[in-house]
Structures are given as C-alpha cells and as structure tokens.
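S.K.: Fold the stuff below for me.
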Amino acid sequence: MKNVKKITGVFILFFMVIGGLIFAQDRAIHPNQLPKTAKNFLSAHFKGIPVTSAIEDREIYGVDEYKVYLSNGMKIEFDSNGNWKEVDGKHQKLPYGFIPVSIKNYSTRNFPNTYITKIEKKRWSYKADLSNGLELEFDRNGNFKRIDD
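M.R.: Numbering: from 1, shown residues only. Okay, the predicted model is just below:
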C-alpha cells in the first residue's frame, strides 16, 4: 500500500511539473507593450539606449515578469506591474537615479573608486554588486546589513 501511495505521489508531481512547463511560456514582445511604469523607468534612467529585446514571462495565472535587454548589454527585470526588480549592468556602471540614496551614499563613501554594477530589489532587502566583486546587502529601507563576498 505504501508503494502505491509513493508511485501515485510521483505521478502527480510529474504531471504538475509537466503542466507548469506547458503553460509557463516566455514570449517576445515589442517594447511598447511593456507596462507604462517600465517604459517610464527606461526613458528616465536609460534614455538613448535602445531596447534590443523584451520578453514577457507568462505563468498559468498571467504575466509573472518582464525581461528587457538593452543594446549596451544591460538586462532589467520588471514585475508584472512594471516595477523594477533587478538591474544588471553586466559589469558596467549603473545610473544611480533609481537606486535608493542611502545605498548609493553607503557604497560611494565606503568603497571609493568602485561603482554599482548590479542591484536586486527583493521583498525585504536589496543586494548591490560592486565593481570590485563585493556584494552588499541592505534592508528594505536601504540600511547596510552586511558584505557577502
């Protein structure tokens, strides 16, 4: 009886995974199809840098996120509402206009001659990668927590 339950559980898990793969799809979209918030973010902080591709990540319940690739190699991820989640400069300096002031100030004051190359905004924290390879972690208010190298 235990083996039947295990086999049934494995089959259920297998079909859930396969179903998720079938319904979860990425599709290329025109940059004009991005949410207004994302378009405003791009025009404010990456003006003059063309979008080479925009990807809509769809899940069963709708759009999960958008990924935007710029001609200079940078990648920006937005949530379903168009709010930025991650900006990856691919080792290039990010513009500081959207980065919380406390994070910008901490990194420039404590690590002169470096710059932020990637920033992730999570539910309760931020993570910023510096050009020297260090990863700084901050709380959701932008207060420094620790270095993760």
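S.K.: Let me see the confidence value for the residue nearest the centre of the chain.
M.R.: A centroid search over the chain (Cα atoms, centre = their mean) returns Glu86, at 2.8 Å, as the residue closest to the centre. pLDDT, Glu86: 98.
S.K.: Repeat that for Lys6.
M.R.: With respect to pLDDT, Lys6 scores 57.
S.K.: what's the answer for Ala38, then?
M.R.: 98.
S.K.: And it, how far from Glu65?
M.R.: Between Ala38 and Glu65 the distance, using Cβ to Cβ, to the nearest Å, works out to 10 Å. C-beta coordinates here come from the backbone N, C-alpha and C atoms, glycine included.
S.K.: list the residues that contact both of the two?
M.R.: Phe78 (Cβ atoms under 8 Å, 6 or more residues apart in numbering).
S.K.: Can you list the buried residues in stretch 78-87?
M.R.: For stretch 78-87, burial by neighbour count (16 or more other Cβ atoms under 10 Å) applies to Phe78, Asp79, Ser80, Gly82, Trp84, Glu86, Val87.
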